[in-house]
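[1] Pasting the sequence and the predicted coordinates here, then a few questions.
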Number of protein chains: 2
Amino acid sequence: MNASQHGDDGRSYHHGDLRKTLLETCCAHIASQGTEGLSLRALAREAGVSPTAPYRHFDSRHALLAALATEGFEELAASMRAVALDDPVQAFFDCALSYIRYAAGNPVKYHLMFGEVIGDFSGHEELTAAAGDCYARLEQVLQVGLDSGDLRPDNLEELCGTVWALVHGLAGLTLAAQAKASSKPIEDIMQVPPLRAQQAVAAAPERAVLRLMEGLVADPSRLHGLKH
Amino acid sequence: MNASQHGDDGRSYHHGDLRKTLLETCCAHIASQGTEGLSLRALAREAGVSPTAPYRHFDSRHALLAALATEGFEELAASMRAVALDDPVQAFFDCALSYIRYAAGNPVKYHLMFGEVIGDFSGHEELTAAAGDCYARLEQVLQVGLDSGDLRPDNLEELCGTVWALVHGLAGLTLAAQAKASSKPIEDIMQVPPLRAQQAVAAAPERAVLRLMEGLVADPSRLHGLKH
DNA sequence: CAATGATGTTGACACTGCAAACATGGATGC
DNA sequence: GCATCCATGTTTGCAGTGTCAACATCATTG
C-alpha cells in the first residue's frame, strides 16, 4: 500500500514522483474543467506517462479522488483543532467559521470531500477516519459549550446535526458565489439560490452563523463581543 | 401506471411512450444504482429500444437528467406554494418543512435538483425558471414575516440565504439518514456526519428548524404554538 | 553483481456518448 | 383513397473511457 520509503525526496524511478504529480494535475483539472469529464487517461497524458500508469498508484479512478478528499479532511480537521476551547461561545463561532473558510479556500477538495463524487466512503479507511475526526471536533466544541452552560441545554447529536447542516449549507453557498463570481463556474455546486442571495451570504457568513447562535446560546448578548 | 392514452405529451409511435418510459427507468436506475454508472444506452436497453433511440427525445444525457430535475422543481414549487401565508411564523415553519419533506419523499429528484450531477443550469431554460420559482416562494414567505414584524428586522437576502442553507443542509442529512437506514446506499449524499447525528436530525427536523427560528423570530414564545 | 520488486508500457476488451445516414409508419393534405 | 411528410426508431461508426493482463525497466538491496 504505502510506497514512500524510497527516498524522502520525491525523485525516484522513471517519472520522478508520479503519484504527487497525478494528485496535483487532478486538482488543477477539476478546478478548470469540473469533475465530470475528468479521466485518468487525460491525467496520464498530461503527466507524460502511458494511459495505465496511474494504476500503479491508485487502484481506480475512485481511489485517486478519495486520496484527494482524505488530504482535505486532514487539513480541515487540523484547522478545526486549531481553535482554542477556553471560551466555548467563541470556540463555537471560530469552529464554524474555520469550516466555512476552509471550504472557501479549498473549493476543489471541499467539493470532493462533501460532494457526491466519491459516493461510498466504505473501503477507504483513511477517508472515513479523517472525516470522522472533523465531525468529532465539532461535537467536542459543542459538548464543551453544553457542559459549561454557555449553550442552552440541548441534545448533543441533534444540536451537532443542526449546526453542521447550517455550516455546510453556508459553505456551499459561499463556494457557489465564489465560483460564479470568478466568472468561470468551474465547480458547479449549488445552482439554486440566485446569485444575489449567494453573494449576500458569502459576504458575511459570520452573520449567518450568528443568526443560528442567537437561538442556541444561553446569553445572546455575549455574541456581540465575539472576535471575528 | 399504464399509459394507453395519447395525450399531448406522449405519442404512441413505435415504442408507445418512450420519453416517459425513459424518465421512469432513469429514476429507478438512479434509485437502485446511483447516478454514477448511469448510461443512456443502459436505459435504452432496459426499454427495449436501440442504443441511440433516446436521442430522439433528449439532446444528451445531460438533458435527460435536467428534465427530471425540472419536474422536481415544479413539484417542490407547488408544494411550497401550498402553504398558507396568513400566519407568517407558521408559514415560515411550514415552508421549511415542506422543503425537507419533499426531499425526503423524492430523494432521487432532489438529488438531481441540488446535486452536482447536472452542473450547469444555463441552457436549460425551464430548469432555471422552475428553480427560481422555488426560491422566490421562500423569499416571499420571509418578506411577509419581515413586513408584519413577526420576524426581527433583517436583510432579506442574507436571511433567505441563511434559511436556505440550513434547510438544504437538513434535507441532505435527512436524505442521508434515510438512504443508509434503508440499507441501500443508493443515493450517497452526505457521508460525513456519523449515522447517529443524521438519524437524530432526521427524526425531528422540526426541532432543527425551530432552533434557527428561535433567533429570527421577534417573539420566540410564539414558536410553542406552531402546528406540526 | 545479480536478484527482486516497485514502477511504467503495450495491447486488448467491453463499454460509453454522440453524430449521420437510413428505415418506418401514423398524421395530414389533396 | 392516396401520396406525402415528419416524428420516431435503427444501424453504423467514431473517439474516448476504465480496467485488466502480460511485458519491460531499473533503483535498491542481499
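    Arrived safely.

[2] do you know how far the residue positioned nearest the centre of chain A is from residue B:113?
    For chain A, residue A:110 is the residue whose C-alpha lies nearest the centre (CA atoms, centre = their mean; 3.6 Å). Noted for residue A:110: a distance of 20 Å to residue B:113, by CB to CB, to the nearest Å. Every C-beta, even on glycine, is put in place using the N, C-alpha and C of the backbone.

[3] Likewise for residue A:121?
    Distance of residue A:121 to residue B:113, computed by CB to CB: 23 Å.

[4] Which one's more surrounded, the two?
    residue B:113 (27 against 20; other CB atoms under 10 Å in any protein chain shown).

[5] Confirm that the more buried one sits in a strand.
    No - counting by DSSP: H, G, I helix; E, B strand; the rest coil, residue B:113 is not part of a strand but helix.

[6] Pretty sure it sits against residue B:69.
    Yes - counting by CB atoms under 8 Å, residue B:113 does reach residue B:69; the two are 4.7 Å apart.

[7] List phi and psi for the nearest residue to residue A:218 once chain neighbours are set aside.
    Among residues not flanking residue A:218 along the chain, residue A:152 sits closest, at 5.2 Å (CB to CB, 6 or more residues apart in numbering or on different chains). Backbone torsions of residue A:152, given as degrees, to the nearest 10, read phi -60, psi 150.

[8] before we move on, what about residue A:34?
    phi 80, psi 180.

[9] Wait, it touches residue B:119, no?
    Yes - using CB under 8 Å, residue A:34 is in contact with residue B:119, at 6.5 Å.

[10] what about residue A:88, how many neighbours?
    Other residues near residue A:88 come to 20 when the count uses other CB under 10 Å.

[11] same deal with residue A:62?
    Other residues lying near residue A:62 total 16 when counted by other CB under 10 Å.

[12] if I look at it, how far off is residue A:122?
    Computed as CB to CB, the residue A:62 to residue A:122 distance reads 12 Å.

[13] Mind listing residues that contact the lowest-mean-pLDDT helix or strand in chain A?
    The weakest-scoring helix or strand in chain A, judged by mean pLDDT, DSSP states H and E, is helix A:195-203 (a mean of 83). Helix A:195-203 is contacted by residues A:104, A:170, A:173-174, A:176-178, A:180-181, A:190, A:208, B:135, B:139, B:155, B:157-158, B:160-162, B:164-165 when judged by CB atoms under 8 Å, 6 or more residues apart in numbering or on different chains.

[14] Could you do stretch A:145-159 as well?
    Residues from elsewhere that reach stretch A:145-159 (CB under 8 Å, 6+ apart): A:88-89, A:91-92, A:139, A:142-143, A:216-219, A:222, B:196-197, B:200-201, B:204, B:207-208, B:211.

[15] Render the CA-only coordinates of that stretch in CSV, please.
    Taking Å, rounded to 0.1, in the frame of the first residue of the first chain, the C-alpha atoms of stretch A:145-159 are listed here in CSV:
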residue,chain,number,x,y,z
GLY,A,145,-20.4,24.6,25.4
LEU,A,146,-23.2,22.5,26.8
ASP,A,147,-21.2,21.5,29.8
SER,A,148,-20.2,25.0,30.7
GLY,A,149,-23.8,26.2,30.4
ASP,A,150,-22.8,28.7,27.7
LEU,A,151,-25.2,26.9,25.4
ARG,A,152,-28.8,26.2,26.3
PRO,A,153,-29.4,22.6,27.3
ASP,A,154,-29.9,20.5,24.2
ASN,A,155,-29.5,17.1,22.7
LEU,A,156,-25.9,16.9,21.6
GLU,A,157,-26.4,15.0,18.5
GLU,A,158,-29.4,16.9,17.3
LEU,A,159,-27.5,20.1,18.0
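
[16] Can you spell out the domain ranges of chain A, please?
    Domain segmentation of chain A under automatic domain parsing yields A:12-58, A:61-225.

[17] ok, and does the last one reach over to DNA strand C?
    No - for domain A:61-225 and DNA strand C, the contact criterion (CB under 7 Å from any atom of the strand) is not met; the two come no nearer than 13.0 Å.

[18] low pLDDT regions in chain A?
    By pLDDT under 70, the weakly predicted segments of chain A are A:1-14, A:183-191.

[19] Most tightly packed of the domains of chain A?
    Most buried of the domains of chain A, by mean neighbour count (mean count of other CB atoms under 10 Å in any protein chain shown): domain A:61-225, with a mean of 20.

[20] What is the end-to-end distance of that domain?
    Its start and end residues considered, domain A:61-225 measures 48 Å (CA to CA, to the nearest Å).

[21] roughly how far out does it sit from the chain middle?
    7 Å (CA atoms, centre = their mean, to the nearest Å).

[22] wait, does that domain make contact with DNA strand D?
    Yes - using CB under 7 Å from any atom of the strand, domain A:61-225 reaches DNA strand D at A:61-62.

[23] longest helix of chain A?
    Longest helix in chain A by number of residues (criterion: DSSP state H): helix A:156-181.

[24] Just the angle for that helix relative to helix B:156-181, thanks.
    Relative orientation of helix A:156-181 and helix B:156-181, computed by axes from the mean of the first three to the mean of the last three CA atoms, to 10 degrees: 120 degrees.

[25] before we move on, back to that, can you spell out which helices and strands pack onto the helix or strand just after the least confident helix or strand of chain A?
    Remark: after helix A:195-203, the chain's next helix or strand is helix A:205-216, criterion DSSP states H and E. Counting contacts by 3 or more CB pairs under 8 Å, 6 or more residues apart in numbering or on different chains; DSSP states H and E, helix A:205-216 is packed against helix A:88-105, helix A:156-181, helix B:156-181, helix B:205-216.

[26] Swap in 10 Å and give it another go.
    Helix A:205-216 sits against helix A:88-105, helix A:125-148, helix A:156-181, helix A:195-203, helix B:156-181, helix B:205-216, with contacts defined as 3 or more CB pairs under 10 Å, 6 or more residues apart in numbering or on different chains; DSSP states H and E.
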